[in-house]
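*Asks:* could you work out the structure for the sequence below:
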Amino acid sequence: MSADRHSQLLEQLVRSSGWQTAGELADALGVSARSIRTYIARVKSKAGSLPVIESGPEGYRLNRDAYAAYLATGDGSGADGTPRERLHRLVRLLIDDAEGLDVFETASALFISDSTLETDLSRLRALLTDTRLTLKRTGSRVTLHGSELARRRLLSRLFRDETTHGMAQLDAIQREFESESLGSFKTDLIDALQSSGYYINDYGMDNVLLHIAIAADRAGKGTPVETEGRATGADTELRGIVRDLARTHFAEPLGESDIGYIAYLLSTRAVAPRPDADTVAPSEYFTPDEFATVRAIAERAGDEYLVDLTDVDFLTRLTVHVSNLLERAEDQTYSRNPLTKSIKTAYPMIYELAVFIASGLHDARGIDVNDDEIAYIAMHIGAHLQQQTRRDDAATCIVVCPNYYDLQAMLADRVVQALGDALTVTRVVTRTDVPWDHLDADLVLTTIEPPVPAENIVRIQPFLSPADVDRVRVALSRVRRQVRRAAIRDQLLRYLDERLFLRDVDVEGEEAMIRLLGERMLQLDVIDERYIDAAIERERMSSTAFTDTLAVPHAMEMTASRTSIAIAVNERSMPWGDGRVNVVALIAFSADGRAQFQEVFDQFVEVFSERDDVASIIRGGRTFGSFIDELVRTMDS
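*Replies:* Below you'll find the model as predicted:
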């Protein structure tokens, strides 16, 4: 999430499909309703004639067309002299001029007071923490000291922090560094890499292109990078590709040190070899020890979560990724992932598997793995598990179509052709005296009117039309949702306990909340002290705020005496990770509850993924009984 409150406000409105009151927005951002009105006034002022935020009796909502036009202008980043923009300007001035800047002349050029510039310099010093760069001042002159590589990394970090979700976008890079040829460079680069037998990670590619644009910009100023980067199995080939394309697309030639560094960035962030490539084999990207480490961790994860992670091709791809991750961790230059939040929300169990593997890497190699990198591991796991998925979960269907020549057979065939990806036809009833009460399938598709309407019965025409297909898919989605929610309702009610229900709890921080809920479980002999410590340790690995309103702290090992959920429901949200949540559910699973863990965990997160549903549960669930009633009502609706 962007650093300033205006960006947070806009992101909150982007995620909502309807109106939000000032109070709801204030709770989501952790500020007062008065502050929200101030932010909205400033955004409207900055947007000018564009009606980015609409106001009405029900609150505020985003005008998406106007917001798109607002973003097209550079996210309102014109020369309006905001502190963030001035900070960026100062960094560029200091990096571009080895002689530094004079504070009085710079303040005058920026039309700000000397004291304002001094404040900006203080903010800049704080920004330089852990960058291996320092500010030095002699009289009124300020200079930046540090390596060229550190300067480039600072430029890259500043640019990413000002873009959506920290991802470098090609058009924005071209505008910032006046590099109109970067788009064609990217096209030719991808073509060359694919022809040479590489997978492309386009999420990482644009961030590599940002470094390439910075390299081209700095080459024009005669400041090559000091390091060539560490060699990889693809070093020579990637150097050749970069060298040839740079000569074609850039006015200033890149030196060999820049070419080597870009090749290193490509190999560790944006490409991976295909298993069938004729050039560099995947095994050249990692050592046998790295493969053995990844395999051991994956096997433990598979045993813990009851999934098969032993496929050699999967382990090979994952080890290539981990080898590159180890390089990035050593440099402290992690890859950004725009899908992190959506993966945590939509696939919490897959994300948990990735956290388990990241924890294993931390223990085995002593590296920290952030949320973005965990999400990349989750993408590897998800792709692998998706390939393993069979049609066992396809819904069953009975077709009711009385005999008329072979019309019933043609209809059944047409249903299979149009809906075979989602339905399995188990039976065709060809009589008019249909045993309606004994049609045991998820859906019944009938050409005749049933005596009593039912949720799972869909009337269709003898000649299946596109409109029929659409109605069947809608009905299927509705039936599946009802079945799924009925199952989780029954499970959740077994795990919830009035003694483990808290309302409007005021504690400071995630660990305090985990300990408070854990103490309740401890008193009922559900868990021991080690489980609480393990849940806190898991929280430090990656925030368990899986939605905008829900955090689900838990330990990675299932050591509880029985499966149970301790839950705190708060009217006012509390900080959790990088966001804020209203509901905190400490989940404890026993070893014999492994089979239920994935289903319950995923579905519990799903229940609390809709903000409107959560708001209803929070308002109505003031006691344990009313909470259960509201939870069931929401899940059955």
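*Asks:* quick one: residues contacting Glu148.
*Replies:* Counting by CB atoms under 8 Å, 6 or more residues apart in numbering, Glu148 makes contact with 218, 223-226. Placement of C-beta: from N, CA and C, glycine included.
*Asks:* redo that, cut-off 10 Å
*Replies:* By CB atoms under 10 Å, 6 or more residues apart in numbering, the residues touching Glu148 are 95, 218, 223-227, 257-258.
*Asks:* gap between it and Gly220?
*Replies:* 14 Å (CB to CB, to the nearest Å).
*Asks:* the helices in the stretch 51-200 of the chain, which residues?
*Replies:* 64-72, 83-96, 103-109, 114-127, 148-161, 170-177, 182-195 (DSSP state H, counting those that start in this stretch).
*Asks:* contact partners of the last one?
*Replies:* Okay, so that is helix 182-195. So helix 182-195 is in contact with 170-171, 173-174, 179, 181, 198-200, 202, 205-206, 208-210, 212-213, 216, 234, 237-238, 240-242, 244-246, 248-250, 262, 266, 270-271, 274, 279, going by CB under 10 Å, 6+ apart.
*Asks:* what is the mean pLDDT for that helix?
*Replies:* Helix 182-195 comes out with an average pLDDT of 89.
*Asks:* stretch 419-432 now?
*Replies:* Mean pLDDT, stretch 419-432: 89.
*Asks:* distance between the ends of it?
*Replies:* End-to-end span of stretch 419-432 (CA to CA, to the nearest Å): 24 Å.
*Asks:* can you pull the buried residues of it?
*Replies:* Neighbour-count burial for stretch 419-432, counted by 16 or more other CB atoms under 10 Å, picks out 419, 422-423, 425, 428-429.
*Asks:* then stretch 292-308?
*Replies:* Buried positions in stretch 292-308, judged by neighbour count with 16+ other CB under 10 Å: 293-295, 297-298, 301, 304-305, 307.
*Asks:* if we can go back for a sec, take the helices of the stretch 51-200 of the chain and write them to a markdown table, including distance to Val369.
*Replies:* Output for the helices of the stretch 51-200 of the chain, formatted as a markdown table (distance: least, CB to CB, whole Å):
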| stretch | distance to Val369 |
| --- | --- |
| helix 64-72 | 31 |
| helix 83-96 | 28 |
| helix 103-109 | 40 |
| helix 114-127 | 24 |
| helix 148-161 | 19 |
| helix 170-177 | 27 |
| helix 182-195 | 26 |
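*Asks:* which of those helices sits closest to Ala486?
*Replies:* helix 64-72 (35.3 Å; CB to CB).
*Asks:* by contact count, what packs against the closest one?
*Replies:* Applying 3 or more CB pairs under 10 Å, 6 or more residues apart in numbering; DSSP states H and E, one finds that helix 64-72 contacts helix 5-15, helix 33-47, strand 53-56.
*Asks:* now with 8 Å, please.
*Replies:* Applying 3 or more CB pairs under 8 Å, 6 or more residues apart in numbering; DSSP states H and E, we find helix 64-72 packed against no helix or strand.
*Asks:* so it versus helix 170-177, what angle?
*Replies:* Here helix 64-72 runs at an angle of 40 degrees relative to helix 170-177 (axes from the mean of the first three to the mean of the last three CA atoms, to 10 degrees).
*Asks:* report the inter-axis angle for helix 64-72 versus helix 33-47.
*Replies:* Using the same axes, to 10 degrees, the direction of helix 64-72 lies 70 degrees away from that of helix 33-47.
*Asks:* residues of helix 64-72 that come out buried?
*Replies:* 66-67, 70.
*Asks:* hmm, who's touching that helix?
*Replies:* 10, 14, 47, 50-52, 76.
*Asks:* confirm that Ala566 sits in a strand.
*Replies:* Yes - applying DSSP: H, G, I helix; E, B strand; the rest coil, one finds Ala566 inside a strand.
*Asks:* now the residue most central in space within the chain: closest residue in space, sequence neighbours ignored.
*Replies:* Centroid-nearest residue in the chain, with CA atoms, centre = their mean: Thr340, separated by 1.6 Å. With sequence-adjacent residues excluded and distances taken as CB to CB, 6 or more residues apart in numbering, Thr340 is closest to Ala375, at 4.1 Å.
*Asks:* list the contacts for the one you found?
*Replies:* Contacts of Ala375 were listed using CB under 8 Å, 6+ apart, and they are 337, 339-340, 343-344, 351, 354.
*Asks:* same thing but 6 Å
*Replies:* Ala375 is in contact with 337, 340, 343, counting by CB atoms under 6 Å, 6 or more residues apart in numbering.
*Asks:* so the second one sits against Asp371, correct?
*Replies:* Which is Thr340. Yes - contact criterion CB atoms under 6 Å: Thr340 and Asp371 qualify, at 5.3 Å.
*Asks:* bridging residues for Val581?
*Replies:* For Val581, the beta-bridge partners are Met574 (DSSP bridges).
*Asks:* on the pLDDT front, check Tyr232 for me.
*Replies:* Tyr isn't right for residue 232; it's Thr. 51.
*Asks:* when you give positions from now on, start the count at 14
*Replies:* Fine by me, first position is 14 from now on; the one you just mentioned is Thr245.
*Asks:* would you mind measuring from the residue nearest to the centre of the chain to Leu75?
*Replies:* Distance from Thr353 to Leu75, by CB to CB: 22 Å.
*Asks:* look up phi and psi at Leu563.
*Replies:* Dihedral pair for Leu563: phi -130, psi 130, per degrees, to the nearest 10.
*Asks:* got a pLDDT number for the residue nearest to it when sequence neighbours are not counted?
*Replies:* Sequence neighbours aside, Phe621 is the residue nearest to Leu563 in space, at 3.9 Å (criterion: CB to CB, 6+ apart). pLDDT recorded at Phe621 is 84.
*Asks:* burial measure for Phe621, as a count.
*Replies:* 24 (other CB atoms under 10 Å).
*Asks:* thought it was touching Val627?
*Replies:* Yes - when contacts are counted by CB under 6 Å, Phe621 is listed as touching Val627 (5.4 Å).
*Asks:* and for those two, which residues touch both?
*Replies:* Common neighbours of Phe621 and Val627 (CB under 6 Å, 6+ apart) are Thr562.
*Asks:* do you know how far the nearest residue to Glu189 once chain neighbours are set aside is from Asp201?
*Replies:* Leaving aside its chain neighbours, Glu189 sits nearest to Phe172 (6.3 Å; criterion: CB to CB, 6+ apart). Using CB to CB, Phe172 is found at 23 Å from Asp201.
*Asks:* of these two, give the one with the bigger neighbour count.
*Replies:* Each of Phe172 and Asp201 has its neighbours counted (other CB under 10 Å); Phe172 has more, 22 against 16.
*Asks:* need the longest helix for this structure.
*Replies:* In the chain, taking DSSP state H as the definition, the longest helix is helix 479-508.
*Asks:* check the offset of that one from the chain's centre.
*Replies:* 26 Å (CA atoms, centre = their mean, to the nearest Å).
*Asks:* do stretch 112-120 as well
*Replies:* Centre-to-centre, stretch 112-120 and its host chain are 41 Å apart (CA atoms, centre = their mean).
*Asks:* now the end-to-end length of that stretch.
*Replies:* 17 Å.
*Asks:* repeat that for stretch 616-632.
*Replies:* Stretch 616-632: ends 22 Å apart by CA to CA.
*Asks:* mind listing what's buried in it?
*Replies:* Quick answer for stretch 616-632 (16+ other CB under 10 Å): 616-622, 624, 626-627, 629-631.
*Asks:* tell me which of those is nearest to Ile600?
*Replies:* Phe617 (7.5 Å).
*Asks:* thanks a lot, see you next time.
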